[in-house]
Structure formats: C-alpha cells, structure tokens
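Student: coords below, sequence missing:
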Ligand SMILES: [Zn+2]
C-alpha cells in the first residue's frame, strides 16, 4: 500500500494527507459520482480495499501540483481517465476473453521474456523482465501480428501492447488479490527486476520503441503508482554511470530512489538483499529450481500456471523450450545498448515538475506545469548518433594506433595527440548529452 511503502515513507511531505483522501472518498460517495464509485469498487480496486486506490489516485493528483481540497477533484479526474482507458481497451473482459490465439501467445513469449516470479522479502510480487534477451526479429513479427490483431478487433493499440496490459491485469486481479488475502494486508505494489544482460544495438528498434512508448502511456492511466522499486540488473556502465545520473536530475526524488542500477558483479549480492535465494532464478544468482528457471525460458511465470488451471492453454500446442539466455558473443556494452536500456524505463518516470509542484502550500494552488514538448523522434537525432558513434570509433582507432609508438617530439604529432583526445572527450560528452536529451523527450512525450 502506498502510504506503507518503505521508500515512499522516507518522503512523507509528498504523500497525500488523510484529509485529502477522506475528501476524495466523500466526493466519490456523492450521488452524481455513484457510478464512478461502483466502477472503482468493481474493477479498479486491488485487494478489496477501495481506499488503497484512493491513496494512489490522490498521489497522482499531488504529482500534478494539486493540494488541499483540489486533490479530491484531481483524483476524480485520474479515476475517470482510468475508467475511460479500461472501456476503450475493453479491460474488463480482456483477462479471460482476450483476442489472442495460441500462435500469438507463443510469438509474444518468444519475443519478450518475462515472468511473475514469487514475492520479495517485503511481500511485493516480483516481475522479471529480461530486456536483454528480447528477440528483435521475433519482436518485429510480433508487432506485425499485433497490428493484424488490432485491425481485426478495431483496437486503438497494437495487440502486443494489449497483451502486456493483460499481463498487468493478471497481476492486479490475480496475484495481488491472492497476496492481499494471504498476507492480510493490501498488496498493490511490485518489485521489478529488469535484466539487461545481452542488451545490444539490435534493441534500438522502431517496433520496440513504439511498444515501450505505448505501454508506458497506457499503464500510467490504468495502473498508476503500483511500482515499489525497480532493480536494473547487469546495467551497462555507461547507462549506470553516464546516462542515469543525468536523467535522474529531472525526475521526482521518490522516483530516483525507486531505481537501482547494479552491475554484473554485484547483481547477486544486491538482489539477495531484496529477495530470498529460493525465490531468485539462478541466472540472477538465486537457487530457484522451478521449471521456468531451469529452462531459462521465461513464459509468464505464475501467469502461465494460472492460465493452465483456468483452462486457457488447453488448446495451445506445447512449444519446445528455447533458452532465452543471451548469446555471450552479443553481450556488448555499447553506447547504443545504454540508449536502449534507458529508454525501456524512461516512459515510467514521473516528471520533475511534479516534484516541484508538491512543495506548494496546501491551499489548492496549482503549480505551473512544464509544457509538454511535441518534438518527435526524428531521423536527425539518428544521424547525430550515427555520426557521433563513428567519431568515437574513429577516435578510438586513432588513439589505439598511437599506443605502441614512442611519443613523437614533432609538434604536429603532439598537437594531433592532444586534439584527438579532446575530440574523443567532446564526442563522449556530446553523445551523453544527446542521450539525455532524447530520454527527456521520451519522458515528456
Ligand atoms: Zn523459478
């Protein structure tokens, strides 16, 4: 539950007050809003406690810069957005009557390995996403199949996006509901483990970017503020030490605390602080021996077990397990890998302007919002990256070629040495600045 989250509790000044939540409840119980309240209780609440949802919607309203009595109206708008999205995407029937056949399901799991895999030491359900193992060729086929599903069913989103949202619906309606009952408290927050091992340039793909952008946009309305924390495992050095420190400056301080970037040599130790060994897959340093972990082929984890029990998979053909572990030869830690990794998460970030807004006095004033940027991802930026990468490569070659040689006393050579190094430094700075700028564009889109 939001107000009991150990990370959020470190920043009580950003939490909605009891009075603001009570006002929201009072507003929703008025006759003219009775339908909204019924919908909330029937389809939106998690763990049988409508007030837990109100805390999350009030949190969103506070992030919009609202305080005091204005929070109730803001939370009401967030609820309306959520319900409109649920209607538009037919979420109420998606979990059990979705438009996906067995071939589409197989294609999804072949392309996007993920798993709902137990709980952490604090009781949060764990979601493992192996972004570094995303099969881009399979993903492009999935995206094309998703377009066909979308067209056939007159959907507003690609079928692959809808499949992801269905998995989130399973998380809230099944996993969180069961854990809430089992733990005797509202469990409506998750621990995300994002494994970037194997991430490479191939993941910088238009279909992958479209998928992530759409998922981020829809999830923000449908499942606001359900992430307890995200551990980014096997993070490339440039992402963890170069890009993330820049990007985080523009994010809400609570969001900054939610993300941890862990390099390969410290993954096991850091994850075991959060998760018991038997709940952690071997490829992340744990000792789980479930069939999925043994095969290394992530196919939804407990969602697949649930679907089998519910009879959804009875007609689906068994698929030969294909290890989704990344090929060692492809485990490059390139700059472009950092770009891909960063973009995967940036869509989930609350905006920095939201943080500033919460510092306003509790008098209902609305803070000035940072205007949304309408700049789209363009070919110019791609060209910049291409050129910059070439500059780095050529600079590296030039620099390396000088190493075996004695340092020349020739002025021109000395000048060249110095210039090359400075060009290299400037190129790296330019690339990092370009990455940060692009990430910010995604955040504000
Ligand atoms: Zn396992």
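Tutor: Great, that's in hand. Quick caveat, the model's predicted, so the values are computed rather than measured.

Student: Let me know the secondary structure of residue 229.
Tutor: Secondary structure, DSSP: H, G, I helix; E, B strand; the rest coil: residue 229 is strand.

Student: In space, what's closest to it - neighbours in sequence excluded?
Tutor: By the measure of CB to CB, 6 or more residues apart in numbering, the closest residue to residue 229 outside its immediate chain neighbours is residue 258, 4.9 Å from it. Where you see a C-beta, it was placed from the backbone N, CA and C, and this is true even at glycine.

Student: Please apply the same query to residue 313.
Tutor: Once chain neighbours are set aside, the closest to residue 313 by CB to CB, 6+ apart is residue 307, at 5.0 Å.

Student: What separation is there between that neighbour and the ion?
Tutor: 17 Å (CB to the ion, to the nearest Å).

Student: Measure how buried that residue is and give me the count.
Tutor: 19 (other CB atoms under 10 Å).

Student: State the phi and psi torsions of it.
Tutor: phi -60, psi -40 (degrees, to the nearest 10).

Student: how far away is it from residue 152?
Tutor: 22 Å (CB to CB, to the nearest Å).

Student: what does residue 279 give?
Tutor: Distance from residue 279 to residue 152, by CB to CB: 39 Å.

Student: And for residue 111?
Tutor: In terms of CB to CB, residue 111 sits 19 Å off from residue 152.

Student: still on that earlier bit, so which of residue 279 and residue 152 has more stuff around it?
Tutor: residue 279 (19 against 10).

Student: which one is the more buried one nearest to, not counting chain neighbours?
Tutor: Counting by CB to CB, 6+ apart, the residue nearest residue 279 is residue 118, at 3.9 Å.

Student: give me the number of residues near the one you found?
Tutor: 22.

Student: The residue of the stretch 301-445 of the chain found nearest the ion: how many residues sit nearby?
Tutor: With CB to the ion, the shortest gap between the stretch 301-445 of the chain and the ion falls at residue 301, namely 7.5 Å. Neighbour count of residue 301, defined by other CB under 10 Å: 23.

Student: mind starting the numbering at 17 from now?
Tutor: Okay, residue one is now 17; in that scheme the one you just asked about reads as residue 317.

Student: wait, it sits on residue 131?
Tutor: Yes: at 3.4 Å, residue 317 counts as touching residue 131 under the criterion of CB atoms under 8 Å.

Student: Give the residues shared as contacts by those two.
Tutor: 144, 308 (CB atoms under 8 Å, 6 or more residues apart in numbering).

Student: Next, count neighbours for residue 34.
Tutor: 10.

Student: again with residue 110
Tutor: 19.

Student: can you give me phi and psi for it?
Tutor: Torsion angles, degrees, to the nearest 10, at residue 110: phi -70, psi -40.

Student: Same check on residue 62?
Tutor: Torsion angles, degrees, to the nearest 10, at residue 62: phi -120, psi 130.

Student: ok, now how distant is it from residue 91?
Tutor: As judged by CB to CB, residue 62 and residue 91 stand 16 Å apart.

Student: go on, residue 110?
Tutor: 24 Å.

Student: Which helix or strand in the protein has the lowest average pLDDT?
Tutor: Counting by mean pLDDT, DSSP states H and E, the weakest-scoring helix or strand in the chain turns out to be helix 395-418, with a mean of 36.

Student: looking only at pLDDT, what's the mean for stretch 128-138?
Tutor: Mean per-residue pLDDT for stretch 128-138: 95.

Student: How about stretch 279-288?
Tutor: Mean predicted confidence for stretch 279-288 is 92.

Student: Can you tell me what sits against it?
Tutor: 209, 213, 247, 249-251, 253, 256, 276, 278, 296, 300-302.

Student: Flag every buried residue along stretch 123-141.
Tutor: Buried residues in stretch 123-141, defined by neighbour count with 16 or more other CB atoms under 10 Å: 123-136, 140-141.

Student: what ranges do the strands span in the protein?
Tutor: Remark: strands assigned in the chain by DSSP state E are 130-135, 141-145, 206-211, 243-249, 275-278, 316-317.

Student: Parallel or antiparallel, which strands does the last one pair with?
Tutor: To tie it back to what came earlier, the one meant is strand 316-317. With DSSP bridges as the test, strand 316-317 is paired with strand 130-135 (parallel).

Student: likewise the longest one?
Tutor: As defined by DSSP bridges, the strand partners of strand 243-249 come to strand 206-211 (parallel), strand 275-278 (parallel).

Student: who's in contact with stretch 54-65?
Tutor: 17, 44, 66, 68-69, 95, 98-99, 102, 107-108, 188, 192-193, 195-197, 201-204, 242.

Student: Residue numbers of the chain in contact with the ion?
Tutor: 304, 306, 309 (CB under 5 Å from the ion).

Student: out of those residues, who has the most neighbours?
Tutor: residue 309 leads the residues of the chain next to the ion on contacts (other CB under 10 Å) with 21 neighbours.

Student: I'd guessed it sits against residue 298; true?
Tutor: Yes: applying CB under 8 Å, one finds residue 309 in contact with residue 298, separated by 6.0 Å.

Student: And the single nearest residue of the stretch 17-166 of the chain relative to the ion, how close does it get to residue 94?
Tutor: With CB to the ion, the shortest gap between the stretch 17-166 of the chain and the ion falls at residue 133, namely 5.6 Å. Distance of residue 133 to residue 94, given as CB to CB: 30 Å.

Student: One more: residue 150?
Tutor: In terms of CB to CB, residue 150 sits 31 Å off from residue 94.

Student: Run through the stretch 267-416 of the chain and note the low-pLDDT ranges.
Tutor: Scanning the stretch 267-416 of the chain for pLDDT under 70 picks out 330-416.

Student: try it again with 90
Tutor: Scanning the stretch 267-416 of the chain for pLDDT under 90 picks out the ranges 267-268, 279-281, 310-313, 324, 326-416.

Student: mind giving me the domain ranges of the protein?
Tutor: By the assignment in automatic domain parsing, the chain contains the domains 18-102, 113-377, 395-451.

Student: re earlier: can you list the contacts of stretch 279-288 in a markdown table and add distance to residue 51 and neighbour count?
Tutor: Output for these, formatted as a markdown table (distance: CB to CB, whole Å; neighbours: other CB atoms under 10 Å):
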| residue | distance to residue 51 | neighbour count |
| --- | --- | --- |
| 209 | 39 | 26 |
| 213 | 48 | 20 |
| 247 | 40 | 25 |
| 249 | 44 | 26 |
| 250 | 47 | 27 |
| 251 | 45 | 29 |
| 253 | 52 | 12 |
| 256 | 47 | 20 |
| 276 | 41 | 16 |
| 278 | 46 | 19 |
| 296 | 44 | 25 |
| 300 | 45 | 23 |
| 301 | 49 | 17 |
| 302 | 46 | 20 |
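
Student: for those, which one is nearest residue 34?
Tutor: Nearest to residue 34 among the contacts of stretch 279-288 is residue 276, at 30.6 Å by CB to CB.

Student: Kind regards, and thank you for your time.
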